[in-house]
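Colleague: Turn this into a structure:
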Amino acid sequence: MDNKIGIIDVFEAKKAISSWVQETPLEYNRGLSHLSGVQVFLKLELMRETRAFKIRGAFNALTHLSAKQKENGIIAASGGSHALGVACAGNKLGIKTTIVATVRAPKSIQENCKYYGAEVIVAGEVYDDAKKVAEEIAKERNLTLIHSYDDPYIIAGQGTIGLEILQQMKPDVIICPVGGGGLLAGVGLVAAAISPDTKVWGVEPETAAAMTAAINAGSLVSIEDPRSIADKLVVKQVGQLNLDIARKTVSKMVTVSEQEIREAMYLLSSSANLWAEGAAGAALAAMLKEKESLAKRKVALILTGGNVEAKVMANILAEFSR
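Modeller: Residues are numbered from 1 along each chain as shown. Modelled structure (predicted):
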């Protein structure tokens with residue numbers, strides 16, 4: 001696939017990954033709806049083997065590799081869920097996999113990648129740093145690099161979430177957490193093609209708002225030292241292809257504070273009994289921040305995953321349970 005991507009590519013991705021990636025529920029949550037005055041629906045991407053949506057793009061990318069690429073092996077850089085998705089897909093497709101995990105990646109992510117048979121190398125503070133290491137290793141070993149977000153197959157795979165949501169219901173707004181922008185681009189593309197009345201919003205941490213900065217500037221912007229409890233959303237720079245799509249299909253970007261994300265993670269635990277990562281919390285935080293403009297509307301929150309360390313959740317529960 002070249003860098004042009006359309007709705008047909010998302011439908012093809014849905015077909016390509018259907019044997020391995022099950023559809024996830026989209027559930028109405030009465031407690032959060034009552035709390036906010038918004039009709040809240042949760043897209044439960046944490047309800048799968050890897051507990052994260054990234055497995056969609058990973059499987060789609062790997063199924064399109066040539067026989068030679070599969071024989072030589074693959075490598076991916078990640079701060080978390082992309083690593084798990086690629087390791088899982090590589091294991092099930094019989095492809096030798098190497099993962100460059102960031103220093104900040106949860107230890108559980110590293111261990112789970114090893115359980116899938118992947119070689120794990122720890123390097124780089126954030127994704128962009130780890131990717132540079134992965135690129136060097138790819139050249140040395142003749143491996144194929146599986147990009148975390150700025151790749152047509154990855155975008156099309158993540159876009160299958162949008163297909164499912166729109167088949168399950170027609171929300172007024174879909175809120176997508178944004179790291180590199182693959183999910184936002186995929187869902188935005190789908191909504192624009194199938195349900196133009198459904199608005200797509202992106203959400204980023206205030207401390208790692210690379211897409212917001214890029215959209216405002218009209219070109220890629222590099223963030224010097226991005227950090228957040230929503231570690232899956234931390235990149236220095238979004239993908240160019242993702243930015244191009246987002247500028248055409250995304251209605252609004254929302255930024256949320258670390259405290260707002262932490263409180264949203266607590267609410268997902270206390271009101272929905274969900275062990276949700278910071279990126280998923282960001283989606284709820286954005287909805288709560290904008291609840292007046294969203295009052296009584298149907299809003300689908302993409303809960304990206306549940307890969308969060310126990311000590312992080314313990315701190316949050318202790319903080320808000322007082």
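Colleague: Every contact and neighbour count from this point should use C-alpha atoms.
Modeller: Noted.
Colleague: Report the separation between residue 262 and residue 255.
Modeller: Per Cα to Cα, to the nearest Å, residue 262 is found 14 Å from residue 255.
Colleague: all helices for the stretch 201-322 of the chain, in order.
Modeller: 210-217, 240-249, 258-272, 278-289, 310-320 (DSSP state H, counting those that start in this stretch).
Colleague: between residue 262 and residue 255, which one's more packed in?
Modeller: Counted by other Cα atoms under 10 Å, residue 262 and residue 255 do not tie: residue 262 has more neighbours, with 24 against 20.
Colleague: buried ones in the helix or strand of the chain with the lowest mean pLDDT?
Modeller: Ranked by mean pLDDT, DSSP states H and E, the helix or strand of the chain with the weakest confidence is helix 107-115, at a mean of 91. Within helix 107-115, the residues that qualify as buried are 109, 110, 112, 113, 114, counting by 16 or more other Cα atoms under 10 Å.
Colleague: contacting residues for the first one?
Modeller: Right, residue 109. 80, 81, 83, 84, 307 (Cα atoms under 8 Å, 6 or more residues apart in numbering).
Colleague: ok, now which ones touch the closest residue to the fourth one other than its chain neighbours?
Modeller: Spelled out, that is residue 84. Among residues not flanking residue 84 along the chain, residue 113 sits closest, at 5.6 Å (Cα to Cα, 6 or more residues apart in numbering). For residue 113, the contact set (Cα under 8 Å, 6+ apart) comprises 83, 84, 87, 88, 99, 119, 120.
Colleague: and residue 167, how many residues sit next to it?
Modeller: By the criterion of other Cα under 10 Å, residue 167 has 10 neighbours.
Colleague: where does it land in three-state SS?
Modeller: Look at residue 167: counting by DSSP: H, G, I helix; E, B strand; the rest coil, its state is helix.
Colleague: picking that back up, go through the contacts of residue 113 and flag which are in helices.
Modeller: Residues of the contacts of residue 113 located in helices (DSSP state H): 83, 84, 87, 88.
Colleague: Now render these as JSON lines, adding pLDDT, distance to residue 322 and neighbour count.
Modeller: Shown next, in JSON lines, are the ones in helices among the contacts of residue 113 (pLDDT from 0 to 100; distance: Cα to Cα, whole Å; neighbours: other Cα atoms under 10 Å):
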{"residue": "83", "pLDDT": "94", "distance to residue 322": "36", "neighbour count": "33"}
{"residue": "84", "pLDDT": "95", "distance to residue 322": "34", "neighbour count": "31"}
{"residue": "87", "pLDDT": "97", "distance to residue 322": "39", "neighbour count": "33"}
{"residue": "88", "pLDDT": "97", "distance to residue 322": "39", "neighbour count": "26"}
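Colleague: Could you dump the residues you listed into JSON lines and include distance to residue 6?
Modeller: Below are those laid out as JSON lines (distance: Cα to Cα, whole Å):
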{"residue": "83", "distance to residue 6": "26"}
{"residue": "84", "distance to residue 6": "27"}
{"residue": "87", "distance to residue 6": "27"}
{"residue": "88", "distance to residue 6": "27"}
